[in-house]
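Visitor: let me see the structure of the following:
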Amino acid sequence: MNSHNNFRVIAAVVASALFMQNIDATVVATALPSMARDLNVNPVHLSSAITSYLIALTVFIPVSGWIADRFGAKRVFLAAIATFTLASVACALSRGLPELIAARVLQGVGGAMMVPVGRLILFRRVQREELLAATTWLTMPALVGPVLGPPLGGFLTDALSWRSVFWVNVPVGAVGMLLCAWLIPPSDGERPPAPDLPGMALIGASLTALMVGVETLGRGVLPAAAPIACIAAGLALFWLTVRHCRRARHPAIDFSLLRIPTFHAATIAGSLFRAGAGALPFLVPLTLQVGFGLSASTSGLISLASALGSFCMRPMTRFALRRFSVRAVLIGGSISFAAMLSACTLLSPAWPDMAIFALLLAGGLSRSLSFASMGALAFADVPQERLSAATSFQGTAQQMMKAVGVAIAAGSMQLTMLAGGRVQATHVDFSCAFLVTAVVVLVSWPMFARLSADAGEGISGAKRSAA
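Guide: Residues are numbered from 1 along each chain as shown. Model prediction:
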């Protein structure tokens, strides 16, 4: 097998893991209202079932690069798929919200090793000019997950129960393990420097405190001052994390990577963009089912529009980057996606289903183009010997901001409900959450604008044609 085809085979295998993770995220979001009824909790409060998973991802991703180097990337990748699959079984068997959250945390541990290590396996085998092609091959099959997820989650929830959405991961995980064992070349373990345990502990503590504070704000589950104290403690611990990692010899997160302009833009501005993208799969099913009274199946069919737009845009990414600069693509993507989120504030039961579908489809198009561009840009100027650290950093930032996006959306709804004296969310609460999310995305615009005109030149494997 020549090297040109080899990275495509590896990308397809890694994509099977991404498929499982992406389909899990979308089917869970669609099933949230049904889960809330069965577990007798407020649907807004079930954001903890999403953020607990994302927090676990964020906490354990920084160590993934070290573990892959120490024990061999292929071996770790196989173990991660097995952990994720077994945790999915535990989610399906959960009898209460605490059990579900615990199982989701275990899923997060598996996902923390599965996705970044899979990316590492791939990126170590590609040249700079193959980066965009590798990213596209890696994500195209995985985008099938979000396309299938909403309608599949709605159908399974209505026909069987919400528990059935977790059983979907079992056959996918089994196939992924077989393909990995068969097709991915073995990789020997190395003896990397000892992991930065204090740094990892600080990261975990800061993120946990922040998310506990945001998730419990205004819900009455803790004393009134406790959520604010948790948020303050989380911010203080994060400051200590940054300070420690800048001084450590082999830090859990290498903040010096932010000195690379392309990595800085893709990570910092890209994180704000991803926060909005992470909130959307949480807000849309709740709006359609809780706000408009639609069934899970109908909600799922409408929600797939966003993923369908992403799927359709990916083949056109190379063309767009040949025609326009990376900076122009990212600026346009942030503005158009923020505009779509702002338009969602106007959604009401009077809107035809096809109009909602078209709006979400347009958002999926702009989101996908930005994601592919950011994914390639992040690693465009990172030296080969620092790819492991960069992969962990990027994975941590991405998953953290997805959790932040869900937490911001849920927190906005909770605060407006509290201000209005409402127990159940209404149109006003959903609209405020969409608007706040749009503002978060729009803040990335001036950050992308600071990129140089030739930033990321050549990542598509071809020179950009003159405008």
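
Visitor: contacts and neighbour counts: CA atoms only from here.
Guide: Will do.

Visitor: could you point out the helix or strand that follows the longest helix seen in the chain?
Guide: Assignment by DSSP state H gives helix 3-39 as the longest helix of the chain. Once helix 3-39 ends, the next helix or strand along the chain (criterion: DSSP states H and E) is helix 47-71.

Visitor: give the contact list for Pro62.
Guide: Counting by CA atoms under 8 Å, 6 or more residues apart in numbering, Pro62 touches Met200, Ala252, Ile253, Ser392, Phe393, Gly395, Thr396.

Visitor: kindly apply the preceding question to Phe155 instead.
Guide: Applying CA under 8 Å, 6+ apart to Phe155 gives the contacts Ala296, Ser297, Gly300.

Visitor: just the pLDDT for it.
Guide: pLDDT for Phe155: 84.

Visitor: let's number from 2 now, not from 1
Guide: Sounds good: first residue 2 from here, last item Phe156.

Visitor: tell me the SS of it?
Guide: At Phe156 the chain is in helix, as set by DSSP: H, G, I helix; E, B strand; the rest coil.

Visitor: my read is that Tyr54 contacts Arg105, right?
Guide: Yes - taking contacts as CA atoms under 8 Å, Tyr54 lies within contact range of Arg105: 4.9 Å.

Visitor: so where is the stretch 52-201 of the chain shaky, pLDDT-wise?
Guide: 125-148, 186, 188-194 (pLDDT under 70).

Visitor: hey, where'd the helices end up in it?
Guide: 74-93, 98-124, 132-143, 145-160, 165-168, 170-184, 198-217 (DSSP state H, counting those that start in this stretch).

Visitor: can you name the residues in contact with the shortest one?
Guide: Right, the one you point to is helix 165-168. Contacts for helix 165-168 (CA under 8 Å, 6+ apart): Asp25, Val28, Val29, Ala32, Ser89, Val90, Cys92, Ala93, Gly154, Leu157, Thr158.

Visitor: the helices of the stretch 52-201 of the chain into JSON lines, with extra columns for distance to Leu322?
Guide: Below are those laid out as JSON lines (distance: least, CA to CA, whole Å):
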{"stretch": "helix 74-93", "distance to Leu322": "31"}
{"stretch": "helix 98-124", "distance to Leu322": "20"}
{"stretch": "helix 132-143", "distance to Leu322": "10"}
{"stretch": "helix 145-160", "distance to Leu322": "23"}
{"stretch": "helix 165-168", "distance to Leu322": "37"}
{"stretch": "helix 170-184", "distance to Leu322": "31"}
{"stretch": "helix 198-217", "distance to Leu322": "35"}
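
Visitor: wait, which of those helices is closest to Leu284?
Guide: With distances scored as CA to CA, the stretch of these nearest to Leu284 is helix 145-160 (13.0 Å).

Visitor: circling back: just want the angle from the longest helix of the chain to helix 145-160.
Guide: Calculated by axes from the mean of the first three to the mean of the last three CA atoms, to 10 degrees, helix 4-40 forms an angle of 30 degrees with helix 145-160.

Visitor: any idea of the mean pLDDT in helix 4-40?
Guide: 73.

Visitor: thinking Thr397 is in contact with Thr59, fair?
Guide: Yes - with contact defined as CA under 8 Å, Thr397 counts as touching Thr59 (4.8 Å).

Visitor: quick one: residues contacting Ala266.
Guide: By CA under 8 Å, 6+ apart, Ala266 lies in contact with Ala379, Met448, Phe449, Leu452.

Visitor: I'd say the second one and Ser272 touch.
Guide: No - under the criterion of CA under 8 Å, Met448 lies out of contact with Ser272, with a separation of 11.1 Å.

Visitor: skipping adjacent residues, who's closest to Ile332 in space?
Guide: Take Ile332 and drop its neighbours on the chain: the residue closest to it by CA to CA, 6 or more residues apart in numbering is Trp446, 5.4 Å away.

Visitor: who are the packing partners of the helix or strand where the one you found lies?
Guide: Under the criterion DSSP H and E, the helix or strand holding Trp446 is helix 445-450. Using 3 or more CA pairs under 8 Å, 6 or more residues apart in numbering; DSSP states H and E as the contact test, the elements touching helix 445-450 are helix 271-287, helix 327-344.

Visitor: tell me which of these sits nearest to Phe358.
Guide: Taking the helices and strands packed on helix 445-450 one by one with CA to CA, helix 271-287 is closest: 11.0 Å.

Visitor: which strands and helices lie in contact with the closest one?
Guide: If contacts are counted by 3+ CA pairs under 8 Å, 6+ apart, helix 271-287 sits against helix 4-40, helix 297-314, helix 388-421, helix 428-443, helix 445-450.
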